[in-house]
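Enquirer: compute the structure for the input listed below.
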Amino acid sequence: MTSKNSLTKMIGDDLRQRMWLVVLSSLFFILALPATAVMHLENKLGWIKEGSYTQEALKEWYIEYLTFGNGWVMMAVIILAIIAAFSGFFYLYASEKVDYYHSMPVKRSQLYLKTYLSGLLAVLIPYVICQAAMLVIGSIKGVGIEAPILLFFKTMILPVCYYLLVYHFSILAVVLTGRVITGVFAIKYSINGIFRVWNDRIEHFWNVWENFSKHLYQKSVCICTSYDVFTGWKRSLHEYG
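Expert: Numbering: from 1, shown residues only. Below is the predicted model of the structure:
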């Protein structure tokens, strides 16, 4: 219990020291999500009044903007993941700081865990708040979002996965390299390779899912048709029987 309390206190202290990262994350996500969404919504609502845009098209655009259609969020996630990793573990590049931190009466596992978790919270908490604000804005503006709680969790999956992916590889690059410039190049080339493979896998997944959906639909149509034929045949036998 004492260990958990001390870890929580360490995370809180680290977040206070890295409050600039929380502020930077909040600024990034406010600009990428609510601020730009309000401007786009005002324009599109004006188009609806003019009759050149439909409510259904607005709803589809808004959902896509929350998920795959907002490149600013993905860019912010990648940049903030790299900054969080470097700012948290940058002391590993200075031998004096390494000696200082490792001489503290704290387990190294707790020291790493404290830095790791504070890097997650400093970015993901502002993102979750801004994402929730987006759903509130959509409801106020009359977008007509169905199942907002489910949509809230669905829209966060991809950005959070991107953040965790880049964050972990950035930490690995900092820990394994001994110089800043080496770490930067390691992150650059590893992230390029990761996203090339990631995008290929995502594209393959959607292709497989599309083919599976078509196959499932054809099977369901065949089953329904067979059932209709069977019930019609049965009904005919009952009538003439």
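Enquirer: what's the offset of the host helix or strand of residue 153 from the middle of its chain?
Expert: Per DSSP states H and E, residue 153 falls inside helix 148-176. Remark: helix 148-176 is offset 5 Å from the chain centroid, using C-alpha atoms, centre = their mean, to the nearest Å.
Enquirer: got any ranges where the protein has weak pLDDT?
Expert: Along the chain, the model assigns pLDDT under 70 to residues 1-5, 68, 98-102, 178, 189-190, 192-241.
Enquirer: if we use 80, what do you get?
Expert: Scanning the chain for pLDDT under 80 picks out 1-5, 67-70, 91-109, 141-149, 151, 177-241.
Enquirer: got the domain ranges for it?
Expert: For the chain, automatic domain parsing gives the domain ranges 2-176, 180-241.
Enquirer: dump these to a markdown table, plus mean neighbour count.
Expert: For the C-beta atoms, the positions are set from N, CA and C on the backbone; glycine is no exception. Below are the domains of the chain laid out as a markdown table (neighbours: other C-beta atoms under 10 Å):
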| stretch | mean neighbour count |
| --- | --- |
| domain 2-176 | 16 |
| domain 180-241 | 11 |
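Enquirer: got the contact list for the residue nearest to the spatial centre of the chain?
Expert: Closest to where the C-alpha atoms of the chain average out (C-alpha atoms, centre = their mean) is residue 159, at 1.8 Å. The neighbours of residue 159, taking C-beta atoms under 8 Å, 6 or more residues apart in numbering as the test, are 73-74, 77, 127.
Enquirer: and those, which is closest to residue 66?
Expert: Of all those, residue 66 sits closest to residue 73, with 8.8 Å by C-beta to C-beta.
Enquirer: gap between the closest one and residue 46?
Expert: The spacing between residue 73 and residue 46, counted by C-beta to C-beta, to the nearest Å, is 24 Å.
Enquirer: helices of this structure, start to end?
Expert: Here the chain has its helices, by DSSP state H, at 2-17, 19-30, 36-50, 55-66, 71-89, 95-102, 108-140, 148-176, 180-240.
Enquirer: which neighbouring elements make contact with the fourth one?
Expert: To tie it back to what came earlier, the one meant is helix 55-66. helix 36-50, helix 108-140, helix 148-176 (3 or more C-beta pairs under 8 Å, 6 or more residues apart in numbering; DSSP states H and E).
Enquirer: can you pull out the residues in contact with stretch 160-175?
Expert: 74, 77-78, 80-82, 84-86, 88-90, 92-93, 116, 119-120, 123-124, 127, 183, 186-187, 190-191, 194, 198.
Enquirer: cutoff 7 Å now
Expert: 74, 77-78, 81-82, 84-86, 89, 92, 119, 123-124, 183, 186-187, 190-191, 194 (C-beta atoms under 7 Å, 6 or more residues apart in numbering).
Enquirer: many thanks, I have nothing further to ask.
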